[in-house]
Each structure stands twice: as structure tokens, then as C-alpha cells.
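Q: Predicted model and sequence follow; I will ask about them next.
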Amino acid sequence: MPDKNPAYFPVGCTLKTFTAHDLSERISWSPDGTRIAGGSNDGTIKILDVESGAVLRSFGTSEPRSLLRRFFATTQLNLTRVETHSVAWSPDGSTIAACLDQKLRAWQVETGEQLWECNLRTTAQLAYSPFGDLIAAACINNSLYLIAAKTGVIVKPLTEPSDAIATVAWLHSSRLLVAGSLDKNILVWDHWNETLKWKLEGHTGGVWSVACSPSQSYLASASSDRTVRLWDLENGVNIAILEGHVKAVKEVSFSSDGRFFASKSADSVRLWRTDTAELLTVLPEHNPSSDFFGLGFHPHTLRLASLGLNENKICIWDLDAKTLLKDVGVSKSTHYSNAKVVLVGDSSVGKTGLALVLTGQPWKKTGSTHGRRVWVLDSQEVETRKGYIQTRETLLWDLAGQPDYRPIHQLHLTEVAIALVVFDSRSQTDPFAGVRHWDRALRQAQRVQSETAPATCKYLVAARVDVGRIGASADRIESLCQELNFDRYFATSAKEGWGIEELLETIRTSINWDALPTVSSTELFQNIKTFLVIE
């Protein structure tokens, strides 16, 4: 029977719990919100009544899963708890599908009759299409399959070079299908045309869960990099990065009205506001193992279910929207966005001297830089259109130009807002030595980024123009800028300060802050970040 939990829980949240009957995988609400289904450790699929906590029906053979677990433990993916019991309800609630005994099966809910089975193994997650005619199956054998919901026949695989597909979700009333993979990418498929619409990149760890908002405006993704990312589904742009979890984030879910979404890791369940990416509250849960799932919003009301593996219980959180949307001071969020400006060019062309004066330091004669240095070029606080204060930092990366460093520094040319390609104006023989190399490196970095990532602004910069006339004519410089699509050309002297203010102002006004993701973090995380960022 459900019981009121006397332990502390946040303002605006009330809690009841009931035994989970050894459920161990992702849980799924029935379309009417009266039942929860999930895979159990005894080898069955169980349907639980939300009000009483009773088991209404079980499907399967009740065979232990030790053999399956040994199988997954020996794979190179090291997945000790892959969702072999993934469960999905049909939109009308009459049918339930699950991966059981390494086969995909479907049952009629009321009678318990098995309708069909499909030899599709190692399924990580299932999702019925909005119209109930198809089932999408994310598989750890690197494929995404579409299955006819009435017959269990594989209609077609959707393939793309990728690691294991760990999660899948449909856009509501749409032909688009979203899949998250363990190679850090999110794939958005148009299944009617069998084409990949977007490949969303940004996570630095595997993507374990994706969820689409009811309005189809937002996509949330959860990753082993301990962050949640929020994406604009109109154009595929990453609009927010949410920090706070200290362990891999394994599950994410939107509320039925789209105003909230929740994320779950071994350390906690966190509730976020969708429009501002503000952390609203932290729901206390303790799961010592990171290999767990089990989170989902009620399909119609503001209720959140979470599977607590450590205590073998299901927590049902009833949330009060008015209270949550007030500033209750649970964990004040900070918002910041970073723009990356890189200084590239061959060794000894004057990059470090230029970096010093651009960051407000006095010019001094310097030797060749080794490795890289990062300075804060500019920092300001602005009020966004959504009404919160955002810190905007422009970071200047000075990358060493020696040939030995080139392969390493090319790895730092992604997510660059502005690139300053510096050449030595003193050279009479080949003043543009290295310019073409760095232009190719920047183009290559742009190609491997997400197609929806903003383009990098490129400026050609002549340094040390105070030591003599530039070793190239104005026509030659103009021709190079047109050939390589540089946005502007600047002649500068760090020693004399020539051209510095113009270059600085251009950098400030050229950054498209609206195209850069906003990081939402707690004050504690922000203080740690500030402490660790040392010149």
C-alpha cells in the first residue's frame, strides 16, 4: 500500500511511495495515468496500480536474468544493465510491448495474450509512434529499427555510423524520430523519407535519454557527461547546458504541459523550468549504483514517478506549479554563456603580444608560446529577454604555432565564435605562410561540427605593422581575403596600440550570443568553476 513518507521533501512537492516489486528498468506510465509498467528482476514485465501499488498483471516466464547480465558484462560496451526489459504502451493503452528473453514481444493488456514476437535482440528502449502504427526500437547493436505495431514485422532499419543507440523518442504528431547514441550524438530522423535531418553534437559523453516537449519546441538530452542539454527543435540549436548532477544523467522527462522537465542520476532527481532552464528543486533520492533508470511524468497531470532501486520503491511526487515557480530559494541558479575566440598562426608572428594588449595587459616582448593560454577577453552581465541575468564571457585562446603543436591545437578549433588568423607583416618573401594551413584547419573543424552550429567568423590580422611596411600589397591581401572568405582584415601593432580598439570592438559586436548555448548552473558549481579557471 502507498504510504506518506515522513522524511524531508522540498516545498511544493508531496510524496507517496509503494513497493516497486523488483522493477529494475525504465518505467512507463499508461496513457490514462492509472498504471505503471516496467521490467522486473524475476524476468517478467509487471503492471502496477498507481493508487494501491498492487501488481495488476505480469507478462513473461519469471526466469532469472543472470545469463543476460553475464552476457552484457562481457561485451566491450560494458553495459551491465542494458534495458532488456524496455517497456512501451500503445497510445490507446490496449497493448504493451517489451524486450523479453532477447526478443521483442507485444501483449494485449486486458487478456494477457501475446500478440507477436520479433527476433530483435538487445533493445535499449522502445517507443510507439504517436498514431500507434509503428514501434521504434533503439538497439545496442548500432541500429534503430521501425517495427509494425500490429504484426511485429521489421519495416526498416534506420542506420548511421554510430555507437550503440541507447534511447529513442518520437516528436508528438510528427514524422520525426530522435535517437541518442553512446558516441555522444543525437540523430533526428525523418522516417518518411528515411533521411537524417540533423546530427546534434555537443555532449562529451554518451547520450542515455532524450525527451521531446509536448509543444515539439524543445528536446532535452541526458548524458554520462553529467549534464542535461536543451535543444531548439525549430532549428536544431543547443540553447542551454544544465549543470548540477555529479554523476552520469540517465533519464530525462517533460511534464504534460511542457513547463517543467526532470532529470535523474544516481545522486538526485532535479526539476527544471523549461523556458528559463532554471533549477527549481532537487528531489532527494539516493541510488549508489549509476546503472539505473526509471523516471517519468504523468501523461496528464503534474505528477512525477521515480524508481528507487536502493529501497525497491516507486516514488510518486505530486508537484504544485505555483509554489515551484516562486523563488523559494532552494538552489539559486546562475546563467552564463562563453564565446571562444582563437588566435592562430605560425610561430613568432606576434600572437602572444597581441593577446596581451587585447586583454588589457601592457605589451612586452615575449618569446614563442608553448602549448596554449586562455585569457578572459571580456565579461559582462546582461538581462536576457527571458528576464534572468546572464554572465557573458569572451575567452581568448592563444594557440602555439610550432608545427609539433598543430595536430593537437586543431582539436581546439571546434565551437569557435571568432578566429583571428595572424600573419607576420614583416616577411617580404611569404607573409602568408601558415595562413592557408589554419584556414583549412578551421574549415575542417567546422565540417565535423553539428550542421546547426553557428559559423565561425574569420578575420585576417597583420601583426607588428610598426616595424616596417607590410610585405604584401593591398590588392594581394584583398585577393586572399576573397579567396579564403575572410570576413575582415585588420592591420595591428600590439606595441603601439594601432588597430587594437577597432579589432576589440569588432569582436564584441560580432558575437551572436543568441546562437550560443546558455549554461545553467548552481552557485556552488559556478564558484568551483571560478576557482579553477586560472590563467
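A: Ah, there it is. Residues are numbered from 1 along each chain as shown.

Q: Please make it C-alpha for all contacts and neighbour counts, starting now.
A: Fine.

Q: Now the residue nearest the centre of the chain. Nearest residue, chain neighbours left out?
A: By CA atoms, centre = their mean, the chain has its centre lying nearest to R229, at 3.7 Å. Sequence neighbours aside, I241 is the residue nearest to R229 in space, at 4.6 Å (criterion: CA to CA, 6 or more residues apart in numbering).

Q: which residues does the one you found contact?
A: T227, V228, R229, L230, P517, T518, V519, S520 (CA atoms under 8 Å, 6 or more residues apart in numbering).

Q: Adding pLDDT, distance to G12 and secondary structure, write the residues you listed out as CSV.
A: Below are these laid out as CSV (pLDDT from 0 to 100; distance: CA to CA, whole Å; DSSP: H, G, I helix; E, B strand; the rest coil):
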residue, pLDDT, distance to G12, secondary structure
T227, 96, 24, coil
V228, 97, 23, strand
R229, 97, 25, strand
L230, 96, 24, strand
P517, 87, 29, coil
T518, 86, 26, strand
V519, 88, 25, strand
S520, 83, 21, strand
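
Q: Please tabulate those residues in a markdown table, including the columns distance to T352.
A: Putting the contacts of I241 into a markdown table (distance: CA to CA, whole Å) gives the following:
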| residue | distance to T352 |
| --- | --- |
| T227 | 34 |
| V228 | 36 |
| R229 | 35 |
| L230 | 36 |
| P517 | 28 |
| T518 | 29 |
| V519 | 29 |
| S520 | 32 |
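
Q: Among those, which one is most surrounded by other residues?
A: For those, the largest number of neighbours (other CA atoms under 10 Å) sits with V228, at 30 neighbours.

Q: Let me see the contact set for that residue.
A: With CA under 8 Å, 6+ apart, V228 has these contacts: A220, S221, A222, I241, L242, E243, V249, S263.

Q: Tell me the strands beside whatever helix or strand the first one lives in, with direction?
A: For A220, the element it lies in under DSSP states H and E is strand 218-223. According to DSSP bridges, strand 218-223 forms sheet pairs with strand 207-212 (antiparallel), strand 228-232 (antiparallel).

Q: nearest to V342, of the ones you listed?
A: Of all these, the one in closest proximity to V342, counting by CA to CA, is strand 228-232 (24.7 Å).

Q: mean confidence score for the helix or strand just after the closest one?
A: Using DSSP H and E, the next helix or strand after strand 228-232 towards the C-terminus is strand 237-242. Mean pLDDT, strand 237-242: 92.

Q: Could you list every helix and strand that the helix or strand just after strand 237-242 packs against?
A: Per DSSP H and E, the first helix or strand lying C-terminal to strand 237-242 is strand 249-254. Secondary-structure packing of strand 249-254 (3 or more CA pairs under 8 Å, 6 or more residues apart in numbering; DSSP states H and E): strand 207-212, strand 218-223, strand 260-265, strand 295-297.

Q: can I have strand 249-254 written out in CSV, keeping just the CAs?
A: This file holds the C-alpha atoms of strand 249-254, laid out as CSV (Å, rounded to 0.1, in the frame of the first residue of the first chain):
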residue,chain,number,x,y,z
VAL,A,249,22.5,11.6,-16.0
LYS,A,250,20.5,8.6,-17.2
GLU,A,251,16.9,9.8,-17.7
VAL,A,252,15.0,13.0,-18.7
SER,A,253,11.2,13.6,-18.9
PHE,A,254,8.9,16.5,-19.7
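
Q: strand partners of that strand, parallel vs antiparallel please.
A: Strand 249-254 has these strand partners (DSSP bridges): strand 260-265 (antiparallel).

Q: Who is the residue nearest to R229 paired with across the strands?
A: Taking DSSP bridges as the rule, I241 bridges to R229, V519.

Q: And the helices in the protein?
A: Secondary structure of the chain (DSSP state H): helices located at 66-73, 321-325, 351-358, 406-409, 435-448, 474-484, 500-510, 523-532.

Q: What residues of the fifth one count as buried?
A: Neighbour counts using 16 or more other CA atoms under 10 Å place V435, W438, D439, A441, L442, R443, A445, Q446 of helix 435-448 among the buried residues.

Q: My guess is the third one contacts N485. True?
A: No - no contact is recorded between D439 and N485 when judged using CA atoms under 8 Å, the distance being 9.4 Å.

Q: if I look at the two, which residues touch both of them?
A: If you check D439 and N485 against CA under 8 Å, 6+ apart, no residue is contacted by both.

Q: For V237, the count of nearby residues, please.
A: Count around V237 with other CA under 10 Å applied: 22.

Q: Without its sequence neighbours, what residue ends up closest to L182?
A: In space, L182 is closest to G206, 3.8 Å off (CA to CA, 6+ apart).

Q: surely the one you found meets R226?
A: No - using CA under 8 Å as the test, G206 is too far from R226 to be in contact (9.9 Å).

Q: Next, format the helices and strands packed on strand 249-254 as JSON lines and append mean pLDDT.
A: Output for the helices and strands packed on strand 249-254, formatted as JSON lines (pLDDT from 0 to 100):
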{"stretch": "strand 207-212", "mean pLDDT": "95"}
{"stretch": "strand 218-223", "mean pLDDT": "96"}
{"stretch": "strand 260-265", "mean pLDDT": "95"}
{"stretch": "strand 295-297", "mean pLDDT": "96"}
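
Q: From T276, how far out is the spatially closest residue to Q410 that is not a sequence neighbour?
A: The shortest distance from Q410 to any non-neighbouring residue, by CA to CA, 6+ apart, is to A441 (6.3 Å). Distance of A441 to T276, given as CA to CA, to the nearest Å: 36 Å.

Q: again with I165
A: Distance, I165 to T276, using CA to CA: 29 Å.

Q: go on, V210?
A: From V210 across to T276, the span is 19 Å (CA to CA).

Q: So which of these two has more stuff around it?
A: Taking other CA under 10 Å, V210 and T276 do not tie; V210 has more neighbours (28 against 17).

Q: how distant is the strand holding A220 from the center of its chain?
A: Put simply, strand 218-223 sits 6 Å off its chain's centre (CA atoms, centre = their mean, to the nearest Å).

Q: hmm, who's touching that strand?
A: So strand 218-223 is contacted by 180, 184, 203, 205-213, 228-233, 248-253, 263 (CA under 8 Å, 6+ apart).
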